[in-house]
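K.L.:
only geometry, no sequence info:
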């Protein structure tokens, strides 16, 4: 799989940037709010460099396809079609690469916390008020049909330059009103867990899992060695790493397998055994599902 990288787009990027495989459009940019779209119409992954800006609320709406937020080589979150992410981090900027899969469309909306509170007048937003304004917050939900309709209009409207600004300002207000009227964020499901000890234990569980990748422990065993119950482990792991425990392990195994294949020192069967598969055919099927080609064809393509 090849990647096409666009330069950082949160600051100093043009209003429209297009390539043969996709486009990034800055629809509205003010001091306190911005509205952008990204579309990948090609056959390769389109990647953007960006960051979650400190004390700014970020909304990501995935209309089609999927995208991956890669915060580091070992931490990423995937957003699927018809899903929305809400990010807020008051502590520091969080750089990431956004990998937009083929035939995907995504809308990006940012707004300052103060500006958002002002929109709600005296009601405010309790989950981001008082002490909560100093805590990280994350929310994931399905995009309702009413919100999807407005998002889709951003890709299809054609306006005169003089009308664009007022149109997109109205769309920002429409998106926010529909978002917050649909469902109040559930602070209890926030993945940036307030209990630092629980976070530490979940991170320990991840490390223990990867150290024992060839013969992984059961969920019950992993919970016990980490000092958690199974529910805490399952829910907390999914919230922090964006995947189930064994979904995370499978993805790591296959990424590791691809690295070994790139080294061209082992045969496909040997790689399968190295990462813990007792049946190479199961490895081949999993590899093809994740990367779109069999390990053998992957080796052939890399040898050209």
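P.N.:
Thanks, I have the structure now. Everything numeric here is computed off the predicted structure, so don't read it as measured data.
K.L.:
Please enumerate the strands of the stretch 51-200 of the chain.
P.N.:
For the stretch 51-200 of the chain, strands defined by DSSP state E, counting those that start in this stretch occupy the ranges 56-64, 66-72, 75-80, 83-88, 94-100, 104-112, 137-142.
K.L.:
and those as TSV, adding mean neighbour count and distance to residue 298?
P.N.:
Backbone N, C-alpha and C define where each C-beta goes, glycine included. Shown next, in TSV, are the strands of the stretch 51-200 of the chain (neighbours: other CB atoms under 10 Å; distance: least, CB to CB, whole Å):
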stretch	mean neighbour count	distance to residue 298
strand 56-64	21	27
strand 66-72	18	19
strand 75-80	17	21
strand 83-88	20	29
strand 94-100	19	19
strand 104-112	22	23
strand 137-142	17	32
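K.L.:
can I get the ones you listed in CSV with mean pLDDT?
P.N.:
Output for these, formatted as CSV (pLDDT from 0 to 100):
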stretch, mean pLDDT
strand 56-64, 93
strand 66-72, 88
strand 75-80, 87
strand 83-88, 90
strand 94-100, 89
strand 104-112, 94
strand 137-142, 85
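K.L.:
shaky segments in this structure?
P.N.:
1-22, 121-132, 182-196, 302-304 (pLDDT under 70).
K.L.:
what packs against whichever helix in it runs longest?
P.N.:
For the chain, the helix that runs over the most residues, judged by DSSP state H, is helix 161-182. Judged by 3 or more CB pairs under 8 Å, 6 or more residues apart in numbering; DSSP states H and E, helix 161-182 is in contact with strand 22-29, strand 33-40, strand 104-112, helix 113-119, helix 145-156.
K.L.:
what's next to that helix, contact-wise?
P.N.:
27-28, 33, 35, 59, 84, 109, 111, 116, 119-120, 125, 141, 144, 146-147, 150-151, 153-154, 157, 159 (CB atoms under 8 Å, 6 or more residues apart in numbering).
K.L.:
What of stretch 265-277?
P.N.:
213-216, 253-254, 256-257, 260-261, 279-280, 282-284, 295-296, 299.
K.L.:
for residue 217, helix, strand, or coil?
P.N.:
coil (DSSP: H, G, I helix; E, B strand; the rest coil).
K.L.:
got the phi/psi numbers for it?
P.N.:
phi -70, psi 160 (degrees, to the nearest 10).
K.L.:
helix or strand for the nearest residue to it once chain neighbours are set aside, which one?
P.N.:
If the residues on either side of it in the chain are set aside, residue 217 comes closest to residue 225, at 6.9 Å by CB to CB, 6 or more residues apart in numbering. For residue 225, the element it lies in under DSSP states H and E is helix 219-226.
K.L.:
Would you tell me what the next helix or strand after that helix is?
P.N.:
As assigned by DSSP H and E, the chain's next helix or strand after helix 219-226 is helix 230-241.
K.L.:
which parts of whichever helix or strand comes after that following helix are buried?
P.N.:
On the C-terminal side of helix 230-241, the nearest following helix or strand under DSSP H and E is helix 245-263. Neighbour counts over helix 245-263 (16 or more other CB atoms under 10 Å) mark 245, 248-254, 256-258, 260-261 as buried.
K.L.:
about what we covered before: would you mind putting the helices and strands packed on helix 161-182 into CSV with distance to residue 46 alongside?
P.N.:
What follows is those, written out as CSV (distance: least, CB to CB, whole Å):
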stretch, distance to residue 46
strand 22-29, 4
strand 33-40, 4
strand 104-112, 8
helix 113-119, 29
helix 145-156, 15
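K.L.:
Those: which one's closest to residue 220?
P.N.:
Nearest to residue 220 among these is strand 104-112 (37.5 Å), distances taken as CB to CB.
K.L.:
chain center to the closest one: distance?
P.N.:
12 Å (CA atoms, centre = their mean, to the nearest Å).
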